[in-house]
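In: can you look at this prediction? I've put the sequence above it.
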Amino acid sequence: MPVDHGKRDYGRCPCSGVYENRFVEVRMTVNGKVVVLTDVPQGACPLCGSRVYKAEVLERIESLMKGERFKRAT
């Protein structure tokens with residue numbers, strides 16, 4: 001299932017703020033090598049700084065950390 005990189009609704013933060021849609025860089029080490037993921041969609045609360053990710057984004061990041069390969073969304 002392709003990941004939609006468009007506008008996402010992250011809802012409200014427990015602090016009462018509204019998560020803002022943004023794209024971030026994620027760095028991790030996979031098999032001893034540093035991997036940098038760019039344009040990773042994230043929700044960020046402007047009031048408290050809390051950050052959230054959609055489940056499908058976390059699943060793809062987790063598969064990368066395990067060294068699994070996946071097809072790129074076209």
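Out: Sure thing, it's come through.
In: quick one, strands of the protein?
Out: Here the chain has its strands, by DSSP state E, at 20-30, 33-44, 51-52.
In: pLDDT of the longest one, averaged?
Out: By that I understand strand 33-44. Strand 33-44 shows a mean pLDDT of 92 in the predicted model.
In: just the buried residues of that strand, please?
Out: 40, 41, 42, 43, 44 (16 or more other CB atoms under 10 Å). Placement of C-beta: from N, CA and C, glycine included.
In: any weak-confidence spans in this protein?
Out: 1-7, 67-74 (pLDDT under 70).
In: in JSON lines: the buried residues of strand 33-44, plus distance to residue 61.
Out: Conversion of those to JSON lines gives the following (distance: CB to CB, whole Å):
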{"residue": "40", "distance to residue 61": "7"}
{"residue": "41", "distance to residue 61": "11"}
{"residue": "42", "distance to residue 61": "11"}
{"residue": "43", "distance to residue 61": "15"}
{"residue": "44", "distance to residue 61": "17"}
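In: which of the strands of the chain sits closest to residue 65?
Out: strand 20-30 (5.9 Å; CB to CB).
In: output the contacting helices and strands for that closest one.
Out: Here strand 20-30 touches strand 33-44, helix 55-65, going by 3 or more CB pairs under 8 Å, 6 or more residues apart in numbering; DSSP states H and E.
In: mind putting those into a markdown table with distance to residue 10?
Out: Shown next, in a markdown table, are these (distance: least, CB to CB, whole Å):
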| stretch | distance to residue 10 |
| --- | --- |
| strand 33-44 | 3 |
| helix 55-65 | 11 |
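In: can you tell which of the ones you listed is closest to residue 27?
Out: Of all the helices and strands packed on strand 20-30, strand 33-44 comes closest under CB to CB, at 5.3 Å.
In: contacts for the closest one?
Out: 3, 5, 8, 10-11, 19-29, 50-54, 57, 61, 64 (CB atoms under 8 Å, 6 or more residues apart in numbering).
In: try it again at 7 Å.
Out: Strand 33-44 is contacted by residues 5, 8, 10, 19-28, 51-54, 57, 64 when judged by CB atoms under 7 Å, 6 or more residues apart in numbering.
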